[in-house]
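Q: Any chance you can model this:
(2 chains)
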Amino acid sequence: MDVLLLSRIQFALTAGFHFIFPPLSIGLGIFLIILEYKYIKTKEKMWENLVKFWIKIFALTFAVGVATGVVLEFEFGTNWERYSRFVGDVFGSPLAAEGVFAFFLESTFLGILVFGWNKVSSRTHFISTIMVAFGAHLSGLWILVANSWQQTPAGFHLVGQGLSMRAEIVDFWAMVFNPSTIQRFTHTIFASWTAAAFLFVSVNAYYLLKNRHKVMATKSIKIGAIVILITSLLMLMTGHFSSIEVAKYQPAKLAAFEGHWKTGPAGMYLLGWVNDSTEQTYGIAIPGMLSYLVDFDPSTPVKGLKDFAPADRPPVNATFQTYHIMIALGMFFILYGIYAVWISYTKKDYNIPKWFLIISLWAFILPHIAIQLGWISAEVGRQPWIVYGLLRTKDAYSMVLTSGEIWASLFMFTSIYIILFILYIYILLKKIKQGPEEVILIEGESK
Amino acid sequence: MILNIIWFILVAVLLTGYAVTDGYDLGVGIASLFLNKSEDKRLLMNAIGPHWDGNVVWLLTGGGALFAAFPQVYASVFSGLYLALMLVLLMIIIRGVSLEFRSKVESTNWSKTWEILFGISSLVLALLLGVALGNVAQGLPVDANREIYINLFQLLTPYPLLVGLLTVLLFTIHGTLFALNKTSNDLNLSLKQFFNKVYWIFFILYLLVTVATFLINKSMLNNINAFPIWYLVPIITILLIVFLPMQMKKSHFKMAFTFTFAITVLLMLMFAIGLFPNLVPSNINPAYSLDIYNASSSQTTLTVMLIIAIIGMPFVIGYTIWAHKVFKGKVKLDETSY
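A: The predicted model follows:
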């Protein structure tokens, strides 16, 4: 395999693996705020135990997130040297801003969160929790600013010729708020909240199935269900705004999302298969639906893939499938949210049906699949460009590297990440089985 | 063009911030290798527990700032030193998780494994970073296209190795002093004895690196010879090193820690002065060297970044100091410990 392909595989592997953890820490940050707020308001031991328990899960997730995130901070330079030279002037500042504004905040206050229970007042501890969650969101913002700039570059001009051509910033705020930043940031943040909410509900479903922590678990599921319902609806909304942006700024990606070959009114597939070589799409589609979603008119023509030179088209079937499975999962989250809210607020005495608890126990995997697939469809759909319309992926890698060197690092990352993943799951399950400290009710004493 | 100089200073400040903060927790890791009792190692890991994560961010932000301010250096050096950098990343990963994982399973083998991995990754990381600095000081084969073709073993020449060892020893005494401020009783005593042994190795290595710089790496002395006032920096450094044992005799561990803090800052300052205005001298042809002018971003980006730094860094320094104050005093183990 050549250096380019190996570098792409390595980036996909390291970024994909890293992307398991930040959504959880972003989302769990919100849950920590809710739980600690409840504790401060009610002073009930139950909430204290709960927040302490979830801080441990948070810290574990955060540690693996940091360890795997460090790699990405340097990987642009190591494997994508030409890219780094091309975008450094624009792309470097959001990364540096992430360090200055977000990383320091998160990690310093996390120290207070984990080790500071007996060192600071409960108010300072609560503020630290807010700071950690705020830092996690801020970090998400800056990294999505950088990534969105790759999708819809803005606020720059090109200088130099040929290999020494590079993008230089002319308007910082136009770069930060490029056409896709807001849509993609909000979509990702709500996805993160959903992922954490599903984990939150899953853990509590486990306790109910095991007849443990009944009061605690039922109250927790109520919180989680509401969050899932709200965020899954918000995801639908932000996803829609994202598609409108894609239609406007990345037409080839939009056409690939729906396997839309000939310019004209476009439908939306519920299920399908694209044959990239014969340029055909098979499946069940709602006619005119894509045109309607983009322009509120089912007859609006959408530019088809055949109007793009073959060299300018992304891999269509991969983009199509990842995009559609993500949407299907998103729809499932909405249905799940509606049912979860209904069942957890109407059933008394912990009577949530067993089948729903079993589904909930395993459902936490689904948002992760949706997140990974959504990200793949966004990045694969951007191909063949590394910076949309400006720089091709094939022109962006480090030519000084040999394939032997990347094989070595790829082997290293693959093995260490497999080990890390197994250990993370092992410790996570162990913590969950241990559970929060049980509140012991003494007869006659109110809790 | 003043912005280029400011950003040279700021990148140096970030890397110095890394050296003085993560320096002590890498040193704590190295020192832990020389302790016998698992309980003692655990205490040391918890002494840096609330801080190491924030400390490593100095390196991350340094990397981000390098990308933003001097993208040509970020691209050339990181791709050129590929495998060395991959090893650095591996060590950072192992180190981070070994702290988090150590006490998550109650088993002697489990905790011993993570203690050893924590110690070794600290040692190797300090060595690699020092070797990298040594290579930059010595110059790298930057060619006309700003590409660096060098393999892992070609990086391991005598001068960088000496600088690497000096870094290991500097961090070791810095970390041992941090640990001395955090511990008491028997552990305190064994750390003190450990310090007395490694101090001399550090002292000898410092002299060796100084002599080697004068003999084989003269270009690092151009600036200081042009402005002899800078000779104050090495003079103060050597005075601090010489008077360090006195503080130890009086058991003034806080003052001694301040000394190694200052020594680290001064050594980084010496390195920066020696390099200026180069960032990566080329040993193929001095004209190919990457310097603060030909490797920098546009003036607009440097201005924007400066504003970001001016807004952000005072907060960072403020709450970092606050967090250290919250956890001042001897470390005790409780249910929240690693």
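Q: Grab the nearest non-local neighbour of the residue of chain A found nearest chain B.
A: Nearest to chain B, among the residues of chain A, is A:Gly88, at 2.2 Å (CB to the nearest CB). To be clear about C-beta, it is placed using only N, CA and C from the backbone, and glycine gets the same treatment. Counting by CB to CB, 6 or more residues apart in numbering or on different chains, B:Pro71 is the residue found nearest to A:Gly88 once chain neighbours are left out, at 2.2 Å.
Q: Where do the helices of the stretch 51-200 of chain A begin and end?
A: In order along the chain, the stretch 51-200 of chain A carries the following helices (DSSP state H, counting those that start in this stretch): A:81-97, A:104-115, A:122-151, A:172-176, A:181-209.
Q: typo on my end, the stretch 101-250 of chain B
A: If you assign secondary structure with DSSP H, counting those that start in this stretch, the helices in the stretch 101-250 of chain B sit at B:108-138, B:158-182, B:185-216, B:222-226, B:232-249.
Q: Next secondary structure element downstream of whichever helix or strand B:Arg42 is part of?
A: Taking DSSP states H and E as the criterion, the element that holds B:Arg42 is helix B:38-47. Read in the C-terminal direction, the helix or strand following helix B:38-47 is helix B:52-69, with elements assigned using DSSP H and E.
Q: list the helices and strands that following helix packs on?
A: Packing contacts for helix B:52-69, counted by 3 or more CB pairs under 8 Å, 6 or more residues apart in numbering or on different chains; DSSP states H and E, involve helix A:45-79, helix A:81-97, helix A:104-115, helix B:2-32, helix B:71-80, helix B:82-101, helix B:299-326.
Q: closest one to B:Leu290 among the ones you listed?
A: Each of these was scored for nearness to B:Leu290 using CB to CB, and the closest is helix B:71-80 (5.2 Å).
Q: Residue 311: how many residues sit nearby?
A: Reading this off chain A. Counted with other CB atoms under 10 Å in any protein chain shown, the neighbours of A:Ala311 add up to 8.
Q: was after chain B, sorry
A: When neighbours are counted by other CB under 10 Å, B:Ile311 registers 12.
Q: Distance check, it against B:Leu127.
A: According to CB to CB, to the nearest Å, B:Ile311 and B:Leu127 sit 36 Å apart.
Q: Give me every residue in the stretch 201-338 of chain B lying close to chain A.
A: If contacts are counted using CB under 8 Å from any CB of the partner chain, the residues of the stretch 201-338 of chain B sitting beside chain A are B:297-298, B:300-301, B:304-305, B:308-309, B:312-313, B:315-316, B:319-320, B:323, B:326-327, B:334, B:336-337.
Q: which one is B:Tyr24 nearest to, not counting chain neighbours?
A: B:Tyr24 sits nearest to B:Phe178 (CB to CB, 6+ apart), 4.1 Å away.
Q: Quick check: that neighbour vs chain A, distance?
A: Plainly put, B:Phe178 is 15 Å away from chain A if you go by CB to the nearest CB, to the nearest Å.
Q: just B:Thr237 next, same as before
A: 28 Å.
Q: same check, this time on B:Tyr231
A: Taking CB to the nearest CB as the criterion, B:Tyr231 is separated from chain A by 34 Å.
Q: I'd guessed that residue sits against B:Ile224; true?
A: Yes. Between B:Tyr231 and B:Ile224 there is a contact at 6.3 Å, judged by CB atoms under 8 Å.
Q: rewinding a little: export only the CA atoms of the helix holding B:Arg42, formatted as CSV.
A: Coordinates of each C-alpha in helix B:38-47 appear next as CSV, following Å, rounded to 0.1, in the frame of the first residue of the first chain:
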residue,chain,number,x,y,z
SER,B,38,3.8,0.0,46.0
GLU,B,39,2.1,2.2,48.6
ASP,B,40,4.9,4.8,48.1
LYS,B,41,4.5,4.7,44.4
ARG,B,42,0.8,5.2,44.8
LEU,B,43,1.4,8.2,47.0
LEU,B,44,3.6,9.8,44.3
MET,B,45,1.0,9.2,41.6
ASN,B,46,-1.6,10.9,43.7
ALA,B,47,0.7,13.8,44.5
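Q: Name the residues of it that are buried.
A: Within helix B:38-47, the residues that qualify as buried by neighbour count (16 or more other CB atoms under 10 Å in any protein chain shown) are B:40-47.
Q: do the same with stretch B:149-162
A: Judged by neighbour count using 16+ other CB under 10 Å, the buried positions of stretch B:149-162 are B:150, B:155, B:159-162.
Q: now the helices of the stretch 51-200 of chain A in CSV, with mean neighbour count?
A: Compiled in CSV, these are given as follows (neighbours: other CB atoms under 10 Å in any protein chain shown):
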stretch, mean neighbour count
helix A:81-97, 27
helix A:104-115, 25
helix A:122-151, 21
helix A:172-176, 18
helix A:181-209, 24
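Q: In CSV: those helices, plus mean pLDDT.
A: Conversion of these to CSV gives the following (pLDDT from 0 to 100):
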stretch, mean pLDDT
helix A:81-97, 89
helix A:104-115, 89
helix A:122-151, 93
helix A:172-176, 91
helix A:181-209, 93
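Q: Adding distance to A:Ala328, write those out as a markdown table.
A: Formatted as a markdown table, the helices of the stretch 51-200 of chain A follow (distance: least, CB to CB, whole Å):
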| stretch | distance to A:Ala328 |
| --- | --- |
| helix A:81-97 | 32 |
| helix A:104-115 | 33 |
| helix A:122-151 | 23 |
| helix A:172-176 | 33 |
| helix A:181-209 | 15 |
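Q: Please name whichever of those is nearest to B:Thr213.
A: Using CB to CB, those put helix A:81-97 closest to B:Thr213, at 30.3 Å.
Q: Nearest to A:Lys248 among the helices and strands packed on helix B:52-69 would be which one?
A: The closest of these to A:Lys248 is helix A:81-97. By CB to CB, the value is 20.9 Å.
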